[in-house]
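Engineer: fold the following, please.
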Amino acid sequence: MRFAAAVLRSYESRFAVEEVILKAGPVEGEVLVRIAGCGMCRTDLAVRSSAGRSPLPAVLGHEGAGVVVETGGPHTGLSTGDHVVLSFDSCGRCGNCLGGAPAYCDSFAALNLFGGREEKAARFTDAAGGALAPRWFGQSSFAEYALVPARNAVRVDPALPVELLGPLGCGFLTGAGTVLNSFGIGPGDTFAVFGAGAVGLAAVMAATAAGAMTVAVERHPERLALAERFGAIPLHATSADLPDRVRRLTDGGARYALDTTGSAPLINDALRALRPTGHLGLVARLHATLAIEPGALDRGRRISHVCEGDAVPGLLIPRLTGLWRAGRFPFDELIRTYPLVDIDEAERDFDAGRVVKPVLVPEGSGR
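Structural biologist: Predicted coordinates for the structure are as follows:
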C-alpha cells in the first residue's frame with residue numbers, strides 16, 4: 001500500500017511529504033486507519049533536539065483521528081467504518097495498565113518512542129525501500145494512513161467532526177486530564193495554570209467546566225485573551241509579585257496549579273502561589289536540574305509530574321466530546337487546519353505562536 005506521509009529525514013531538515021509504503025496490513029490486535037486530521041504537538045518537534053535518541057528517518061505525528069478501513073481480525077473491538085481518535089500506546093498487561101494507569105505503562109518509552117517496534121520496522125519503508133523508524137506513539141499519523149494497535153484507538157460518534165478530534169488523544173487530553181483526573185477539581189476549587197498553550201488552555205476549559213475559579217498566567221496577550229474567554233482570570237507572567245497576586249486572586253492561594261512551561265522560575269512562582277497543602281503538577285519535560293527555592297515547598301505543598309493527564313483514553317475522550325457537545329469544552333476554537341503538504345508552514349506558525357494547535361489534514365480528508 002502506497003500513500004503520502006510527512007517524513008523527517010534528519011535532525012536539521014524540514015519535513016518532506018513523500019510516498020511511503022506499508023508492506024503488510026493489520027495483524028491481530030491492529031487496525032488500519034485513514035487519517036482525517038492529525039494535531040501537531042511540541043513532542044513531535046522535540047525530536048529535532050534529540051539527536052541520537054530518536055532514530056530517523058521517521059514519520060511522526062501522534063494526535064491522529066480518522067476512519068477504520070481494515071481490522072486485523074474479529075477481536076479488535078472495532079469495525080470497518082468506525083470513527084476513532086488515536087492516543088498513546090500501552091501494553092495492557094503490566095501492573096500499571098491493569099490498574100487503570102496506562103500512561104505509566106512499564107513499556108511506555110519502548111512502545112511510544114520507537115524503541116519497542118524494531119521487529120515491525122520493515123513493514124514501513126520509503127518509496128525506494130529504505131527503512132523508516134517504527135511507529136511513533138503507536139501511530140506515525142502525519143500521513144494519509146496509520147497502522148495502529150487497536151488498544152490505541154477510541155471509537156467516537158461519526159456525527160462529530162473527526163478531522164478536528166486528534167488533539168483529544170494527547171495535548172487536550174493532558175490538560176483536561178490533569179484537571180479532572182490528577183487533581184479531581186470540582187466546584188469551588190481554586191486553580192492556577194502557568195502557560196496558556198494547547199495544554200494550558202485545555203486545562204482552563206476543563207476547570208471552568210468543573211466549576212473552579214481559575215487564574216491563567218501567560219506572557220502572550222492573545223493567549224491571555226483566550227484564557228479569559230474560556231473563564232480564567234488573566235495574569236501576565238511578568239507581573240510584579242506574581243505569587244502574591246495569584247494568592248490574592250484565589251483567596252489565600254490556589255489549591256491546585258499546573259505548569260506547562262518547564263521554566264524553573266515559573267515553577268517556583270507556582271509553588272509559592274499555592275495555599276498550604278496545595279498541589280502543583282508538571283507536564284513539560286525538564287531539560288535541566290530543577291532548583292526549588294527555599295520555602296517554596298513549605299506547609300505541606302507538593303509537586304508531581306503528570307503524564308498524559310493520568311488518563312484512560314477510552315474513558316476521558318468520550319467525556320471531553322460530551323463536554324464539547326454541551327458547549328463546555330470548545331477545543332475547536334484553538335485549532336487551525338492545514339493541508340498535510342503545508343506541514344512546514346504549520347510548524348512555522350506553531351513556533352511563532354500564530355496558532356495554538358495546528359491540525360494537518362491529508363488531501364481528500366477534509367469536510
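Engineer: how near is the residue nearest to residue 237 when sequence neighbours are not counted to residue 212?
Structural biologist: Closest residue to residue 237 apart from its sequence neighbours, by CB to CB, 6 or more residues apart in numbering: residue 219 at 4.2 Å. For every residue, glycine as well, the C-beta is placed using N, CA and C. Shown here: residue 219 relative to residue 212, a distance of 23 Å by CB to CB, to the nearest Å.
Engineer: between these two, who's got more neighbours?
Structural biologist: Neighbour count, other CB atoms under 10 Å: between residue 219 and residue 212, residue 212 has more, with 24 against 15.
Engineer: isn't the more buried one right up against residue 184?
Structural biologist: No: checked against CB atoms under 8 Å, the pair residue 212 and residue 184 is beyond contact range at 10.8 Å.
Engineer: secondary structure class for the closest residue to residue 225 other than its chain neighbours?
Structural biologist: Spatially, and ignoring its direct neighbours in sequence, residue 225 is nearest to residue 234 (7.2 Å; CB to CB, 6+ apart). Following DSSP: H, G, I helix; E, B strand; the rest coil, residue 234 is assigned to strand.
Engineer: residue 55 too?
Structural biologist: Three-state assignment for residue 55 (three-state DSSP): coil.
Engineer: next, count neighbours for it.
Structural biologist: Number of residues near residue 55 (other CB under 10 Å) recorded here: 17.
Engineer: quick one, phi/psi of it?
Structural biologist: phi -70, psi 140 (degrees, to the nearest 10).
Engineer: quick check: nearest residue in space to it, chain neighbours excluded?
Structural biologist: residue 133 is the one closest to residue 55 (CB to CB, 6+ apart), at 4.5 Å.
Engineer: hang on, the one you found in a helix?
Structural biologist: No: with three-state DSSP as the criterion, residue 133 is located in coil rather than a helix.
Engineer: what stretches of this protein score poorly on pLDDT?
Structural biologist: Within the chain, the stretches with pLDDT under 70 are 51-53, 114-122, 364-367.
Engineer: what about 50?
Structural biologist: Scanning the chain with the threshold set as pLDDT under 50 gives 116-117, 366-367.
Engineer: surely the residue nearest to residue 225 and residue 222 touch.
Structural biologist: No: at 10.7 Å, residue 234 and residue 222 do not qualify as touching, with contact defined as CB under 8 Å.
Engineer: helix/strand/coil for residue 69?
Structural biologist: Put simply, residue 69 is strand when judged by three-state DSSP.
Engineer: which residues touch it?
Structural biologist: 32, 33, 34, 80, 145 (CB atoms under 8 Å, 6 or more residues apart in numbering).
Engineer: pull up the gap between it and residue 81, please.
Structural biologist: As judged by CB to CB, residue 69 and residue 81 stand 8 Å apart.
Engineer: just residue 258 next, same as before
Structural biologist: Noted for residue 258: a distance of 38 Å to residue 81, by CB to CB.
Engineer: likewise residue 211?
Structural biologist: As judged by CB to CB, residue 211 and residue 81 stand 38 Å apart.
Engineer: which one of the two has more residues nearby?
Structural biologist: More crowded of residue 211 and residue 81, by other CB under 10 Å: residue 211, with 12 against 9.
Engineer: tally of neighbours for the nearest residue to the more buried one once chain neighbours are set aside?
Structural biologist: Distances taken as CB to CB, 6+ apart put residue 187 closest to residue 211, at 3.3 Å, once the chain neighbours are dropped. Using other CB under 10 Å, residue 187 has 8 other residues around it.
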